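J.: Whatever this is, show me its structure:
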Amino acid sequence: MKPKVAVTRKIPESILERLREKCEVKLWPEEDEPVPRNVLEEMVRDADGLYCLLTETVDDALLAAAPKLKVVSNMAVGYNNIDVEAASRRRIMVTNTPGVLTETTADLTFALLLATARRLVEASDFLRQGRWKTWSPMLLTGMDVYGATLGIIGMGRIGEAVARRAKGFGMRILYCNRTRREEAERTLGAEYATLDELLEQSDFVVILTPLTPETRGLIGERELGRMKRTAVLINAARGGIVDEDALYRALRDGDIWAAGLDVFEEEPVKPDHPLLTLPNVVALPHIGSASVRTRTRMAEMAADNLLDALSGRLPAHLVNREVFER
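T.: The predicted model follows:
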C-alpha cells in the first residue's frame, strides 16, 4: 500500500503529481489560507508523512495525534515552527530546504536595504498621491549606501551572499557570528566584531540569524540604544529576534533613522500594528525567497526529502540526523 501523506497547502501541480505517484495524498487545497488546526489534526491522524510550511505549528500535541508519522518535511530553511526535540523523541525525521534560497533571499535583503535607505516606498506613494509639486533640495532625502558600514548579525550562507553584494557598493563589512568566518574575512574583507561593536559602528544593521532561544529578543531597547541615530535596521530573518515594542519607540523617537522589515513576531502582521503607522518603516509580507524559480525548487526539495524518508533513504537535508542513525 502507498504511504499516506498530508500536504498543508497548494503546491505546483507537477510536484503534487510526483507525490501522488508514490503516496496517497491528503491536500489542503487553498493557496492563500492556512490550514485550520482542527483540519490539520485530522489530516495527520493516519499520515506517514507531513509536508508543511512555516505557517503550521508542529508541536508535541500535533505529533501525538499522528502515531504513524515518520517524517515532517518543512518547505523552508527555518524550522522554528516545529518542535524538533519532540519529533526526535518520537523518532520522526524533520527536514528542511537550505541552500536553494540563499541568493534569492540575499537579493531581497539588499533590495529592502536600498528601499529603506532611499525612501523608495514613501517616495512612490508621495508621487501617486499627487503631492509632488516641485523639485526641492531636501525633498525625500535618504541615506547613502555606497561607502557606508554594514553590520551583519548572522554570517551564514545568506549573510555571506549579502556581504558579496555589499562589497560591490564599496561598503565596510562588519559581522557578528557564533564562530569566526575566516574565509569571508579573506575574500570579502569582512571584519569580526562583538554585537555591541557592530551596533555602535554600523550605518546599516542586517539581521540574518536563525530564531533560537538564544536569539529571541536579541535586539531590544539596550541594543537599539547603542545604534547611531542615523542607522537603519533591516530584519530579513525571523520575527521575534527584534523586540517590536522597543523598535517602535526607537523609530518614533528618532533613536534610529529607519527600519526595513520582511518578518514580524506574528504573521500575517495585523494592519493596525504600531510599526505600520510609521513613515520610516518599509514593511514586506515575508517574501525573502519569493521568486518563481526558488519557490519551485524549495517545493521540489521538500518533496525529495519526504519521499526519501518514506522510502528508508537518508534525506539530503535532515535536521535531526540522530533519528535516522538509531
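J.: Show me the helices in the protein, by range?
T.: 13-22, 37-44, 60-64, 84-89, 102-117, 120-128, 157-168, 182-188, 195-201, 221-226, 244-252, 292-310, 321-325 (DSSP state H).
J.: The first one versus helix 292-310: what angle between them?
T.: Angle between the axes of helix 13-22 and helix 292-310 is 10 degrees (criterion: axes from the mean of the first three to the mean of the last three C-alpha atoms, to 10 degrees).
J.: now do the second one
T.: Angle, helix 37-44 to helix 292-310, by the same axes, to 10 degrees: 50 degrees.
J.: counting contacts, what elements does helix 37-44 pack onto?
T.: Helices and strands touching helix 37-44, as assessed by 3 or more C-beta pairs under 8 Å, 6 or more residues apart in numbering; DSSP states H and E, comprise strand 4-7, helix 60-64. Yep, even glycine has a C-beta here, placed from its N, CA and C like the rest.
J.: Out of the ones you listed, which is the most enclosed?
T.: strand 4-7 (a mean of 25; mean count of other C-beta atoms under 10 Å).
J.: hey, C-alpha coordinates of that one in CSV?
T.: Provided in CSV are the C-alpha atoms of strand 4-7 (Å, rounded to 0.1, in the frame of the first residue of the first chain):
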residue,chain,number,x,y,z
LYS,A,4,-0.3,8.4,3.3
VAL,A,5,0.9,12.0,3.1
ALA,A,6,-0.7,15.2,4.4
VAL,A,7,0.2,18.3,2.3
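J.: Please name whichever of the helices of the chain is nearest to Ala236.
T.: Of all these, helix 102-117 sits nearest to Ala236, with 4.2 Å by C-beta to C-beta.
J.: contacts for that closest one?
T.: Contact with helix 102-117 is made by 120-121, 142-145, 157-158, 161-162, 164-166, 204, 206, 208, 232, 234, 236, 258-260, 262, 282, 284, 287-291, 293-294, as judged by C-beta atoms under 8 Å, 6 or more residues apart in numbering.
J.: For stretch 249-262, what is the distance to the chain centroid?
T.: How far stretch 249-262 lies from its chain's middle: 20 Å, per C-alpha atoms, centre = their mean, to the nearest Å.
J.: got a list of contacts for it?
T.: Residues outside stretch 249-262 that contact it (C-beta under 8 Å, 6+ apart): 108-109, 112-113, 115-117, 119, 143, 221, 224-225, 227-236, 247, 275, 278, 280-288.
J.: Show me how to select, in ChimeraX, the buried members of these.
T.: Applying 16 or more other C-beta atoms under 10 Å to those, the buried members can be selected in ChimeraX as follows:
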select :108,109,112,113,115,116,117,119,143,224,227,228,231,232,233,234,235,236,247,275,280,281,282,283,284,286,287,288
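J.: Give me the spatial nearest neighbour of Arg9, chain neighbours excluded.
T.: Leaving aside its sequence neighbours, Arg9 sits nearest to Leu53 (C-beta to C-beta, 6 or more residues apart in numbering; 5.5 Å).
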